[in-house]
Structure formats: structure tokens, C-alpha cells
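Enquirer: Give me a 3D structure for the following:
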Amino acid sequence: MRKKTETQRVDIYTRITDRIVEDLSNGVRPWVQPWRASNMEGRITRPLRHNGLPYSGMNVLLLWSEGIARGFSSPMWMTFKQALELGAAVRKGESGATVVFASRFSKSESDGHGGEIEREIPFLKAYTVFNVAQIDGLPDRYYQGAAPVPDPVERIEHADRFFRNTGAHIRHGGDRAFFSPATDHIQMPFVESFRDAASYVATLSHEATHWTAPAHRVGRDLSRYSKDRSERAREELIAELGSCFLCADLGIVPELEPRPDHASYLQSWLRVLSDDKRAIFAAAAHAQRAVAYLHGLQPAAAEEREAA
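Expert: Numbering: from 1, shown residues only. Have a look, this model is predicted:
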């Protein structure tokens, strides 16, 4: 039984990674696809569960990719059972999308000295969800269109406040964007250098994800970033995903084309993902933690912690 479980787990990693590798091989970054979708006319958002809560980590990538590939404009998804509980039904012949659930279970093992130790074993489980566009009979609120798009100027001002609230030291000047661990600052070209303000926010979101790495923040090791091409590719993938997650949270449509200094990472990402079927899952999890940390620096989050 255990061998079967291990095989199923590996198959989930392999199936999903192979799908992403295929997109990358065709020059398509699947986590950027939603910005080309019809929902650009509405509100950009993360995929949502049936109760309105957003998905996180790897499931964001899976459902964004599935939604754009199949032309769904609604961000909301639910299981077959959840649809039934709402008095609705998935239409006959519809196929669902795969999402994953990561957890751990404890197992007692001998410590070799006559005693026992508890070992935490991670596992990954896949399940199927359907977009509301595939379901008939849901309450009207599930079929309502996207909320009106806020005024673009207000959206950018909101993003500016977000980054100010992080306390990150952001310097402007030059023609490169980067995070310097040695001086703990983010370097950005002036906003006028970008095609538009949304592109500026997308780039700053990328560098802010790097900024979360030091041990006193979320703790990602960047010591080998400049020495190891594979480690550099992994960190850049984390930052790219973090930028997409954060832009969705801020309601910003990011740049459609890769930054010139990141286009070279495409082949590196392909090598990393081909060699390690868990790499994209790890990158998505790291990106999720980075974005959650940045959200946690906002005044509203601090007030909620104090109230608790």
C-alpha cells in the first residue's frame, strides 16, 4: 500500500511538472498567461474557492493555467460534492482541473535503542475541481460578472502604499532592478523608465520577493546565488512567481513580456524542472511565504494580530 502511495505521489509531481516544462519549452510562462485572458477586462484575482477564499501556492499556477487554456472568465472553482451541496450539478461530460493538497502525518519508528520516535512524513494529494462555468444551478451570486475595475491611478497608489508599508529601503536610479543583500536595499530605475506604472509595480514586486529572503524575514539562503547557476535560477523562479501572486493581490496587470535580464533564465528553469520534479512546487511554496510576509507588514495585518 505504501509503495502505491509513493507511486501516486511521484506521479502527481511528474504530471504537473511535465505540463509546465512543455509550456516553457514552447516559450510560454504559464504563470503569466492569465494576464492575456479575457478576465483582463474585469478584476485580476487569484483563483477562488467556492467560499470566496483564494487558493495559494502551486494551486494558483494550476488553476490560472487551466482557466486560460479553457477560456473560463470566472476565477471560482469547487468540487463536485460542493456543487451538490449548493443544489447544483456539474454538467455531464465536463472534465475538472487538478489541484493539490499538501500535509503531513506522523509515524512511529524505532530509534535503534529500544525506544520509538515520531517522524513527520509529508504527502501530496490531488483532487478535482470544476469552474463555475461548468456547473448548472448555482445561486446567482456565483455567476455574477467581475467587479468594476478600480481607477488605474487609485490602483497604483494602493500599490505604492503597500510597498511603503513593508519598510523596504528602495533606491531609484540607474538602468537595472535588483536586490542587494549586502546593503539590504532594493534598487529600481525611475518609474518613468518603464513602459507603464503596472510594469514598474511588477518589477518592484519581483525585487520585493527577493527582499524577503534574509534570515530575519522568511529565511531563504541566497549565499550561493552568485556562484551556482541552478540556485540562481531557483531564486529567480521564486521571485517571478511571487511577483505574479502579489500583482494579482494588488489588482495590477503585470508586464506581458519577460524582462530582458530574466529571459536567459528560461533554459535554466527547464533544466531545474526537468532534473527535479518537486522544484516548481517548492518555488510556489517559497513565493507564497514571501508574499504572505509582505502582506503581514501591512497596518491592517498588524491590527488584526493585536486584536487577536
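
Enquirer: The lowest-mean-pLDDT helix or strand in the chain: what's the following helix or strand?
Expert: Using mean pLDDT, DSSP states H and E, the weakest-scoring helix or strand in the chain turns out to be helix 260-263, at a mean of 58. Using DSSP states H and E, the helix or strand that follows helix 260-263 in sequence is helix 265-275.

Enquirer: Counting by contacts, list what whichever helix or strand comes after that following helix packs against.
Expert: Scanning forward in sequence from helix 265-275 by DSSP H and E, the next helix or strand is helix 279-296. Contacts defined by 3 or more CB pairs under 8 Å, 6 or more residues apart in numbering; DSSP states H and E place helix 279-296 against helix 2-25, helix 58-70, strand 97-110, helix 197-211, helix 229-250, helix 265-275. Just so you know, the C-beta spots here come from the backbone N, C-alpha and C atoms, and that holds for glycine as well.

Enquirer: by contact count, what packs against the last one?
Expert: Contact here means 3+ CB pairs under 8 Å, 6+ apart; on that basis helix 265-275 packs against helix 2-25, helix 229-250, helix 279-296.

Enquirer: hey, which of those is tucked in deepest?
Expert: helix 229-250 (a mean of 23; mean count of other CB atoms under 10 Å).

Enquirer: Now do that helix and helix 197-211, the angle between them.
Expert: Computed by axes from the mean of the first three to the mean of the last three CA atoms, to 10 degrees, the angle separating helix 229-250 from helix 197-211 equals 130 degrees.

Enquirer: Go ahead and measure how far helix 229-250 is from the middle of the chain.
Expert: Centroid displacement of helix 229-250 relative to its chain, using CA atoms, centre = their mean, to the nearest Å, is 8 Å.

Enquirer: Ser103 is nearest to which of the helices and strands packed on helix 265-275?
Expert: Comparison of these against Ser103 by CB to CB identifies helix 2-25 as nearest, at 11.8 Å.

Enquirer: Phi, psi for the residue nearest to His50 when sequence neighbours are not counted please.
Expert: Counting by CB to CB, 6 or more residues apart in numbering, the nearest residue to His50 once its immediate chain neighbours are dropped is Met78, at 3.6 Å. The phi and psi values for Met78, taken as degrees, to the nearest 10, are phi -160, psi 160.

Enquirer: my read: Met78 touches Val129, true?
Expert: Yes - the pair Met78 / Val129 is scored as a contact, 6.0 Å apart, by CB atoms under 8 Å.

Enquirer: quick one, what contacts Leu270?
Expert: 21, 24-25 (CB atoms under 8 Å, 6 or more residues apart in numbering).

Enquirer: Next one: it relative to Thr98, how far apart?
Expert: Shown here: Leu270 relative to Thr98, a distance of 22 Å by CB to CB, to the nearest Å.

Enquirer: coming back round to it: list just the one of the helices and strands packed on helix 279-296 that sits closest to Pro122.
Expert: strand 97-110 (5.1 Å).

Enquirer: what about the helix or strand following the closest one, distance to the chain center?
Expert: Per DSSP H and E, the first helix or strand lying C-terminal to strand 97-110 is strand 116-131. Centroid displacement of strand 116-131 relative to its chain, using CA atoms, centre = their mean, is 19 Å.
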